[in-house]
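Peer 1: below are the sequence and a predicted model for it; my questions follow.
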Amino acid sequence: MTQKEYPETEKAKITVFGVGGGGCHAINHMIDSKLYTCDFVSADTDTLVLKASKAEIVLPIGTQLTHRLGSVISPDIGARAVQESQSEIKAVLQHTDIVVIVTYLGGGTGTGALPLIAKYAKDLGVLSIALVARPFNSEGKLRMETVQRVLKDIHTVADCTLIVPNDKLLTTVPKSVSFTEIRAQIETNLQQIVETITSLCNVPGLIGVDFADVKSGLGRSAFVGFGVAAGVKRAVQALEKAIINLEEDGPVLDKSSGVLLRIAGSSELLSLVELEEITTSLFERLTNENAYLVVGGYLDDTLGKSLRVNLIASRDQY
């Protein structure tokens, strides 16, 4: 892939491209969360979904094929819709440096569209990150088989594939939690991932990080973990929670080729000692001595007495 050239003082242009109903809803959540360090695009085959979009660019796709009525949970229709609208999609992609393509796998439009959008980005020399939410196991065997098949296609074209398994949430919340609350938490997780990537690229922090660092820290597949803690030992505790969350499905850090680490705390409490403590502790967990660690420290007074750690750990293989 050819990296685009731009002046050192210019920020990397990042586009978050939500596709399908789930992807478009996730975009709205990010905008409501005041995530301003990127541009937003919503694309779908359903007019009703796009009417509710808050994105700067709203892109109806496959209008002749679907008559703006959706894809009837058919990934094939989603793919054909993208092919019909490829000139409009490429026009959006050619003006960006990084595209984060967000969707909920298992439906029609997003599931079928994402591999082609990632391919168009690759052809244009744009760094592509596929950020996908995997369905709950309760959504059925057929849907899960479709997801596994599509993931293989995504892996072949996206520069990095980042999977958020919805079932992980069910092990951490009470049984009484509503579907709406679960959906909101999934969207918050997606927002936190995008914020980690965009802030490391474009937001001045306590440690100098840029687009080249982020690109070097991303591998072919990636896994995420979040941790928040307060108190005297909050730094170690937040990191430990993030690692536990990261490795719920098995060891990750021992095979990582790169790690993006975002640390945030209030301007009154976040200290250099805490940044050093977290970074040193994480280094000790990385068995790959050549792993590329990217660390960003940020002030966020909304956290109060808490400290937040976001981890994105990558591998060079699937």
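Peer 2: Sure thing, it's come through. Residues are numbered from 1 along each chain as shown.
Peer 1: in the chain, spot the helix with the most residues.
Peer 2: Longest among the helix segments of the chain by residue count, using DSSP state H, is helix 179-202.
Peer 1: contacts for it, please.
Peer 2: Helix 179-202 is contacted from outside by 11-12, 14, 16, 25-26, 29-30, 33, 35, 37-38, 98, 100, 102, 129, 131, 133, 162, 164, 166, 169-170, 173, 205, 209-211, 213-214, 224, 226, 260, 262, 294, 296, 298, 310, 312, using C-beta atoms under 8 Å, 6 or more residues apart in numbering. Where you see a C-beta, it was placed from the backbone N, CA and C, and this is true even at glycine.
Peer 1: select from these every entry located in strands.
Peer 2: Within the contacts of helix 179-202, residues falling in strands by DSSP state E are 14, 16, 98, 100, 102, 129, 131, 133, 162, 164, 224, 226, 260, 262, 294, 296, 298, 310, 312.
Peer 1: okay, the first one: pLDDT?
Peer 2: Taken from the predicted model, the pLDDT recorded for Ile14 is 96.
Peer 1: also the fourth one?
Peer 2: Per-residue confidence at Val100 stands at 98 (pLDDT).
Peer 1: for it, the count of nearby residues, please.
Peer 2: For Val100, the number of neighbouring residues by other C-beta atoms under 10 Å comes to 24.
Peer 1: Phe17 is in contact with that one, correct?
Peer 2: Yes - assessed by C-beta atoms under 8 Å, Val100 is found in contact with Phe17 at 6.9 Å.
Peer 1: just the buried positions in the longest helix of the chain, please.
Peer 2: By neighbour count, with 16 or more other C-beta atoms under 10 Å as the criterion, the buried positions of helix 179-202 are 183, 186-187, 189-202.
Peer 1: find the least confident helix or strand in this protein, judged by mean pLDDT.
Peer 2: Considering only helices and strands, the least confidently modelled element of the chain by mean pLDDT, DSSP states H and E is helix 167-170, at a mean of 69.
Peer 1: can I assume Pro153 sits in a strand?
Peer 2: Just to correct that, residue 153 is Asp rather than Pro. No - under DSSP: H, G, I helix; E, B strand; the rest coil, Asp153 falls outside any strand and is assigned helix.
Peer 1: quick check: it vs Thr146, distance?
Peer 2: Distance, Asp153 to Thr146, using C-beta to C-beta, to the nearest Å: 11 Å.
Peer 1: more neighbours: which of these two?
Peer 2: A direct count of neighbours by other C-beta under 10 Å for Asp153 and Thr146 places Thr146 higher, at 21 against 18.
Peer 1: okay, that one: pLDDT?
Peer 2: Listed pLDDT for Thr146 reads 81.
Peer 1: one more: Gln3?
Peer 2: As predicted, Gln3 sits at a pLDDT of 44.
Peer 1: just Arg183 next, same as before
Peer 2: Predicted confidence (pLDDT) for Arg183: 85.
Peer 1: now do the one 10 residues further on
Peer 2: The pLDDT attached to Ile193 in the predicted structure is 95.
Peer 1: cool, Ser256 as well?
Peer 2: 92.
Peer 1: number of residues surrounding the residue lying closest to it once chain neighbours are set aside?
Peer 2: Sequence neighbours aside, Ala313 is the residue nearest to Ser256 in space, at 4.4 Å (criterion: C-beta to C-beta, 6 or more residues apart in numbering). Applying other C-beta under 10 Å, we find 30 other residues in the vicinity of Ala313.
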